[in-house]
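Visitor: From the sequence below, what's the structure:
(chains A and B)
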Amino acid sequence: MAINVRVMKRPKGKSSYVRATLKGMALTFRHMARAAGDRSDLTIQYPDQKKELSPRWRGTHVMEKHDDGRPKCVACGLCPTVCPANCIKLVPGEDDQGNRYPIVYEIDEFRCIFCGMCQEVCPVEAIHVGNHYENAEYTRHNFVYDLDRLMAQTHPVTLLWDPSDPAGE
Amino acid sequence: MQAATVPTYHEVAGDAFVIASTIKVLVVFVAVLVIVAMLTLMERKVSAWMQDRLGPNRVGPGGLLQPAADGLKNILKEETNPAEANRVFFTLAPMLSITPAMLTFAVIPFASPLPTKWGVVPMILADLPVGILFLLAFSSLGVYGIVIAGWASFNKYALLGGLRAGAQMISYEIALGLSLMSVFMVTGNVSLTEIVWKQQQMHMWFAVPLAVSFFFFWISCFAETNRLPFDLPEAESELVTGYHTEYSAMKFSMFFIAEYAHVLTVSMLMATLFLGGWDIPLWQGDNMLGEANGAWVGHAPRWWITILTFGAFATKTLFFILVFMLVRWTVPRFRYDQVMDLGWKIMLPAALFAVVVTAATVLALDSFGIEYGWKWAVALSAVNLPMLAIILWVMDKGHTLTGTGAPDEKRRVAREHARARAQSRRVAVPVNPRAPRAG
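Guide: All right, here's what the predicted structure looks like:
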């Protein structure tokens, strides 16, 4: 039981509920008349019509690859270290020439918070976040993207900063 | 053949009557179901437009097939039966709710009589002499469906919703009945055809000469249809969805259809009682009553007049439906005690007062021997319009709807007024030591 509820003082002589109701109805009617016949252009008809993403939009990851199809990743281990959501799994390997490469590279898109720190920290610009957001799946384990899948992504990668204005001024 | 039947204008009888009635019943039933389905779409579209959205527009051109898609979905959905629910009444309730809503269309005249080769067909399913009493009886039966639904569900929210529906229906049915009394007193009849005829004879729709009744009837209709601002039985924020919390699939759909059927009924009823039914304004050619005592009363029926009058009726009904939707998406819900206050403390006494005043006016007009017609309209308007103004003024000034903690506020305001008065008379007024301190 709330006893000390402060009640807004209504000017009794001046307040008119009938007038207020009619005013409200006039407002809704005006909006209706303006939008009647689906003339409102505020709605984006999503599957047919898509909002243009900012170049800085951070979405589904992309792994860049060399011209011969190898991933650019050198398995330095910076991205799993910096990842705040701990969603990157990396098992590094080394070939005959001493080049490091990822044996396993998996990103759990479900755990990912799309902060973009993996892209920022990557010394060879291999892992990127991208301008893409439609990644619905039927099962949970499909959200774990392996190396092949990350390399197969075709959408543009995120521009975390403008090269002509690196300080963001 | 035609020359022999048309000038006398006999209404259809015998086999022709049976066939005509069957056709009318089928056509009207199908039309009503389609219109009710379309109303669900219209509600969604109108609400969307009011909020600068688009509403359903995926199924069919402009979303026109949305009701069909919804219906299909509801038929294919799983019917859930709560384990503790009373199975018999749980199943019975939606039927009890939808049947009266569908029955009430029978007595509403929707166009002027249609002349055919076999006689004149009145454009009303059943021209019952007790017309509006039938309608009141059946529309109030609808509350049984809601109360039983709430009780049989074995769910506290559903039960509360059902009880609220019952209480609300009782409170507002009184004001509704009383506001109809004035109409009955002026027309001297309860048949809806007769009421339309009397409005044509008065050369004015009852909305003006019986403005108070119109206003109260309108408010009561909002309560009767359980729609905002009186949708307490299904108050979503407090009762989940009230009486149909436990219902799913087609059973829920039946409640939904019943609600929209009710909206359609009361809109038609208001159009008939207060906006002249199918009467076309400012034109006397459509004034006709039908066959009475073997003679035709009124102008000659024509098929094109029937179509025009049906258009007029549809327009008026649509107007009321639109206002229903406009109000629903504008006005917030009343608190429960406010609903009861409005029903019992304001509408009941005011409606009684209006009935007495209207009765006195009608009696005076009768005893002065003034012929029924435009003079009645002027006299009744002269009485009713100021009365409506007074009632609105009284209802308006914060007497009806007061905020939470209002008694304290009233006491505080009264104290301030007393102090101000005393100040002007320079008499000391003791400050109430038990009064709660501000802040």
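Visitor: Please make it C-alpha for all contacts and neighbour counts, starting now.
Guide: OK.
Visitor: so where's chain A uncertain?
Guide: A:1-3, A:5-16, A:166, A:168-169 (pLDDT under 70).
Visitor: Kindly list the longest helix within it.
Guide: Counting by DSSP state H, the longest helix found in chain A is helix A:17-35.
Visitor: what comes up buried for that helix?
Guide: A:17, A:24-25, A:28-29, A:31-32, A:35 (16 or more other C-alpha atoms under 10 Å in any protein chain shown).
Visitor: how near is B:Met387 to B:Ala211?
Guide: 9 Å (C-alpha to C-alpha, to the nearest Å).
Visitor: Could I get the full set of helices for the stretch 201-350 of chain B?
Guide: Assignment of helices within the stretch 201-350 of chain B using DSSP state H, counting those that start in this stretch yields the ranges B:211-224, B:236-239, B:249-274, B:303-328, B:336-340, B:348-367.
Visitor: how about the ones you listed, which one is nearest chain A?
Guide: helix B:303-328 (6.5 Å; C-alpha to the nearest C-alpha).
Visitor: Show the average pLDDT along the closest one.
Guide: On average, the pLDDT along helix B:303-328 is 89.
Visitor: In terms of secondary structure, what does the strand or helix carrying B:Thr22 contact?
Guide: Using DSSP states H and E, B:Thr22 falls within helix B:15-50. With contacts defined as 3 or more C-alpha pairs under 8 Å, 6 or more residues apart in numbering or on different chains; DSSP states H and E, helix B:15-50 has these neighbours: helix A:17-35, helix B:66-76, helix B:249-274, helix B:303-328.
Visitor: repeat that for 7 Å
Guide: Applying 3 or more C-alpha pairs under 7 Å, 6 or more residues apart in numbering or on different chains; DSSP states H and E, one finds that helix B:15-50 contacts helix A:17-35, helix B:66-76, helix B:249-274.
Visitor: and the next element down the chain from the first one?
Guide: So the one you mean is helix A:17-35. Criterion used, DSSP H and E; the element after helix A:17-35 is strand A:59-63.
Visitor: Let me see the contact set for B:Val88.
Guide: Contacts of B:Val88 were listed using C-alpha atoms under 7 Å, 6 or more residues apart in numbering or on different chains, and none were found.
Visitor: which residues in chain A form helices?
Guide: Going by DSSP H, chain A shows helices at A:17-35, A:78-82, A:117-121, A:147-152.
Visitor: could the ones you listed be laid out in TSV, adding distance to chain B?
Guide: TSV is the format used below for the helices of chain A (distance: least, C-alpha to the nearest C-alpha, whole Å):
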stretch	distance to chain B
helix A:17-35	4
helix A:78-82	43
helix A:117-121	38
helix A:147-152	33
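Visitor: Indicate which one of the ones you listed is closest to B:Leu289.
Guide: In terms of C-alpha to C-alpha, the element of the helices of chain A nearest to B:Leu289 is helix A:17-35, at 37.2 Å.
Visitor: Within range of chain A, give me the residues from the stretch 1-150 of chain B.
Guide: The stretch 1-150 of chain B has residues B:46, B:49-54 near chain A, with proximity defined as C-alpha under 7 Å from any C-alpha of the partner chain.
Visitor: Now with 8 Å, please.
Guide: B:46-47, B:49-55 (C-alpha under 8 Å from any C-alpha of the partner chain).
Visitor: Low-confidence ranges, the stretch 301-439 of chain B, go.
Guide: For the stretch 301-439 of chain B, the ranges with pLDDT under 70 are B:397-410, B:426-439.
Visitor: Neighbour count for B:Met387 and B:Ala211, which is higher?
Guide: Under the neighbour definition other C-alpha atoms under 10 Å in any protein chain shown, B:Met387 and B:Ala211 were set side by side, and B:Ala211 has more, 24 against 18.
Visitor: Figure out which of the helices of chain A is closest to B:Ser179.
Guide: helix A:17-35 (20.2 Å).
Visitor: Need the CA coordinates for the closest one. CSV is fine.
Guide: Extracted in CSV, the C-alpha atoms of helix A:17-35 (Å, rounded to 0.1, in the frame of the first residue of the first chain):
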residue,chain,number,x,y,z
TYR,A,17,-10.9,15.2,-20.2
VAL,A,18,-13.4,15.4,-23.1
ARG,A,19,-11.2,18.0,-24.9
ALA,A,20,-8.1,16.0,-24.2
THR,A,21,-9.7,12.8,-25.6
LEU,A,22,-10.9,14.6,-28.7
LYS,A,23,-7.5,16.1,-29.2
GLY,A,24,-5.8,12.7,-28.9
MET,A,25,-8.3,11.2,-31.4
ALA,A,26,-7.7,14.1,-33.8
LEU,A,27,-4.0,13.3,-33.6
THR,A,28,-4.4,9.6,-34.3
PHE,A,29,-6.8,10.4,-37.1
ARG,A,30,-4.3,12.8,-38.7
HIS,A,31,-1.6,10.2,-38.6
MET,A,32,-4.1,7.6,-40.0
ALA,A,33,-5.1,10.0,-42.8
ARG,A,34,-1.5,10.6,-43.6
ALA,A,35,-0.5,7.0,-43.7
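Visitor: any idea of the angle it forms with helix B:303-328?
Guide: Angle of helix A:17-35 versus helix B:303-328, following axes from the mean of the first three to the mean of the last three C-alpha atoms, to 10 degrees, is 110 degrees.
Visitor: now helix A:17-35, how far from the chain's geometric center?
Guide: 38 Å (C-alpha atoms, centre = their mean, to the nearest Å).
Visitor: got it, and stretch B:377-386?
Guide: Between the centre of stretch B:377-386 and the centre of its host chain there is 23 Å, according to C-alpha atoms, centre = their mean.
Visitor: Can you mark which positions in the helix holding B:Thr22 are buried?
Guide: Quick answer for helix B:15-50 (16+ other C-alpha under 10 Å): B:17, B:20-21, B:24-25, B:28-29, B:32, B:35-50.
Visitor: Ok, stretch A:109-120 next?
Guide: So for stretch A:109-120, counting by 16+ other C-alpha under 10 Å, buried means A:109-110, A:112, A:114, A:116-120.
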